[in-house]
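Participant: here is my input, please return the structure:
(one chain, ligands or ions: 1)
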Amino acid sequence: MADSYSSSRNGDISPNGLGNGSSPSLVPTQSTAPLSSVIRKKLMGYVGFANLPNQVHRKSVRKGFQFTAMVVGESGLGKSTLINTLFNTPLYPPKEPLPPSAERPKTVAIESIGADIEENGVRLHLTVVDTPGFGDFVNNDESWKPIVENIESRFDSYLEQENRVNRMKIVDNRVHACLYFIQPTGHSLKQIDVEFMRRLHTKVNLIPVIAKADTMTDEEIAEFKERILADIAHNNIHIFQAPTYDNEDEETIAEAEEIAGKIPFAVVGSDRTVNTPDGRKVRGRAYPWGVVEVDNEDHCDFVKLRQMLVRTYMEELREYTNDVLYENWRTEKLLSMGVAQDSTVFKEINPAARLQEERVMHEAKLAKMEAEMKMVFQQKVQEKESKLKQSEEELYARHKEMKDALEKQRADLEEKKKRIETGRPLTPEKNATGRRKGFLRT
Ligand code: GDP
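Facilitator: Got it, this is the predicted structure:
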């Protein structure tokens, strides 16, 4: 690679950067300096990595896609109709009317329906998780509980599969999106709505929808949306937002903004086709005063909801579920099980703090070295001093010895001088001795 970079720096690449577009090749150029150690190469053709997205596409199409959507809301709000409308498939059979409240089960049930659907050769395995009974009881205080448990048990199952020795076939049953159906009352969110969203927003991508929007006027819908958004913000509820990226084109950004501007989506569902007064056959609901068209953006937000859930952001929903919602849950779960993580390993390094730390350590090292040097110096000085003292004493002793000797010599000479002056013999002792000897002899 470095070689091809060097060639491009040197202007050897073909004008369009792709050469003749034939097979990929890296051709060495005629080197003008054969002794040079740098072998320059020229990118002549199309290498092919621009085809990577197509490879991913082919692989994904072969494998198919898997998506799980959950629908939550009171009975009769049009959940099954909307799912059938969204995926253009009679996923849900027509429902039996609800039994009288005394005969209904006392808890929220969780039911899932799976279907393989195919569009233009792309397969999607869709699972819809329904929550019949939600909000249908006299006391709905804990309606959210079985739903949270269900979502968590799906996370559990994924975690268990991840921890297996063989992770080749992980089945992803996690809920990727939750359509929360709000009753078209026109007031504001009910306690049950707030409670549900508060409990669920950290575990699932929440997409709020206003059910049966054809029962309200445009003005009512606009006001209702404002109140709902205010309630959501007031309760710090996080709902799924269409993401935008820095390098995206204006059209995509405008599309994301349009989608975001419609939340909560005011939807109308219908799996039937009806005739419009101008003779068209459309999916919609016919009323004596006219036809509400499901796929007409002037009539409702169904198209924008489908765009968010299916056409544009299905992959984002899956990704956010995996990277954020599941990851947070997994961390909490493992920590609660006592699997601690050494966070210092991941500690962000602050360069200023790091420099300060290094400076302090360096200063401490210098101070230690200085103290050691001082000690050695003092020791040496002491040794020198004691040596000097010793030699001074020796010198003094020698000096004294020499002085004494000189003194003695001087005294002897003085004595001799006196003797000479007084005429006495220089060696009186000898003479005296001789005399004495002689005296004794005589
Ligand atoms: P679910 O219990 O929430 O699944 O509701 P269903 O989908 O079974 O719908 C209940 C009733 O509402 C059915 O009679 C549907 O035809 C009707 N319905 C569904 N969607 C709409 C809608 O958008 N507007 C109106 N006006 N009625 C709807």
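Participant: strands of this protein, start to end?
Facilitator: Using DSSP state E, the strands found in the chain span residues 26-28, 41-43, 65-72, 111-119, 122-130, 177-182, 206-210, 265-266, 273-275, 281-287, 290-293.
Participant: dump these to CSV, plus mean pLDDT.
Facilitator: What follows is these, written out as CSV (pLDDT from 0 to 100):
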stretch, mean pLDDT
strand 26-28, 41
strand 41-43, 61
strand 65-72, 92
strand 111-119, 84
strand 122-130, 89
strand 177-182, 96
strand 206-210, 96
strand 265-266, 95
strand 273-275, 92
strand 281-287, 92
strand 290-293, 92
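Participant: nearest to the ligand, out of those strands?
Facilitator: Nearest of the strands of the chain to the ligand, taken as C-beta to the nearest ligand atom: strand 281-287 at 5.8 Å. For the C-beta atoms, the positions are set from N, CA and C on the backbone; glycine is no exception.
Participant: which residues touch the residue of the chain found nearest the ligand?
Facilitator: Across the chain, no residue is closer to the ligand than Gly78, which sits at 2.7 Å (C-beta to the nearest ligand atom). With contacts defined as C-beta atoms under 8 Å, 6 or more residues apart in numbering, the neighbours of Gly78 are Phe181, Ala211, Lys212, Val267, Gly269.
Participant: what's the spacing between the lengthiest helix in the chain and its chain's center?
Facilitator: Ranked by residue count and defined by DSSP state H, the top helix of the chain is helix 351-422. Its chain's C-alpha centre and that of helix 351-422 lie 69 Å apart, by C-alpha atoms, centre = their mean, to the nearest Å.
Participant: the ligand contacts on the stretch 251-400 of the chain?
Facilitator: By the rule C-beta under 6 Å from any ligand atom, the part of the stretch 251-400 of the chain lying against the ligand is Val268, Gly269, Arg285.
Participant: ok, the nearest residue to the residue of the chain closest to the ligand once chain neighbours are set aside - how many residues close by?
Facilitator: Using C-beta to C-beta, 6 or more residues apart in numbering and skipping the chain neighbours, the partner closest in space to Gly78 is Gly269 (4.7 Å). Using other C-beta atoms under 10 Å, Gly269 has 25 neighbouring residues.
Participant: what is the burial count for the closest residue in space to Ser157 that isn't next to it in sequence?
Facilitator: Leaving aside its sequence neighbours, Ser157 sits nearest to Asn173 (C-beta to C-beta, 6+ apart; 6.1 Å). Neighbour count for Asn173, taken as other C-beta under 10 Å: 17.
Participant: ok, now Asp116?
Facilitator: Asp116: 9 surrounding residues under other C-beta under 10 Å.
Participant: for the residue nearest to it when sequence neighbours are not counted, give the beta-bridge partners.
Facilitator: Sequence neighbours aside, His125 is the residue nearest to Asp116 in space, at 5.3 Å (criterion: C-beta to C-beta, 6+ apart). Beta-bridge pairing of His125 under DSSP bridges involves Gln66, Asp116.
Participant: neighbours around Ser270, how many?
Facilitator: Neighbours of Ser270 under the rule other C-beta under 10 Å: 22.
Participant: identify the residues contacting it.
Facilitator: Thr81, Thr85, Arg283, Gly284, Arg285, Val294.
Participant: cool, and Met314?
Facilitator: By C-beta under 8 Å, 6+ apart, Met314 lies in contact with Phe65, Phe67, His176.
Participant: just give the number of residues close to Arg174.
Facilitator: A total of 20 residues lie near Arg174 under the criterion other C-beta under 10 Å.
Participant: give the contact list for it.
Facilitator: When contacts are counted by C-beta under 8 Å, 6+ apart, Arg174 touches Thr68, Ile151, Arg154, Phe155, Tyr158, Thr321, Asn322, Tyr326.
Participant: 7 Å instead, please
Facilitator: The contact partners of Arg174, taken as C-beta atoms under 7 Å, 6 or more residues apart in numbering, are Thr68, Arg154, Phe155, Tyr158, Thr321, Tyr326.
Participant: find me the pLDDT at the fifth one, would you?
Facilitator: Residue-level confidence at Thr321 comes out at 95, pLDDT.
Participant: and the residue nearest to Ile232 when sequence neighbours are not counted, its phi and psi?
Facilitator: The shortest distance from Ile232 to any residue other than its chain neighbours is 6.2 Å, reached at Ile239 (C-beta to C-beta, 6+ apart). Ile239 adopts backbone torsions of phi -110, psi 160, taken as degrees, to the nearest 10.
Participant: quick one, grab the pLDDT at Asp172.
Facilitator: pLDDT recorded at Asp172 is 90.
Participant: returning to that earlier point: now the contacts of Gly78 as JSON lines including distance to Gly45?
Facilitator: Output for the contacts of Gly78, formatted as JSON lines (distance: C-beta to C-beta, whole Å):
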{"residue": "Phe181", "distance to Gly45": "56"}
{"residue": "Ala211", "distance to Gly45": "57"}
{"residue": "Lys212", "distance to Gly45": "59"}
{"residue": "Val267", "distance to Gly45": "51"}
{"residue": "Gly269", "distance to Gly45": "53"}
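Participant: now for those, which pair is the farthest apart?
Facilitator: Phe181 and Gly269 (10.1 Å; C-beta to C-beta).
Participant: deepest of the strands of the chain, which one?
Facilitator: Among these, strand 265-266 has the highest mean neighbour count (mean count of other C-beta atoms under 10 Å), at a mean of 26.
Participant: contacts for that strand?
Facilitator: Strand 265-266 is contacted from outside by Val209, Ile210, Ala213, Ile221, Cys300, Asp301, Lys304, Leu305, using C-beta under 7 Å, 6+ apart.
Participant: contacts only, for the first one.
Facilitator: Contacts here follow C-beta under 7 Å, 6+ apart; on that basis Val209 touches Leu179, Tyr180, Phe181, Ile182, Pro264, Phe265, Val267, Leu305.
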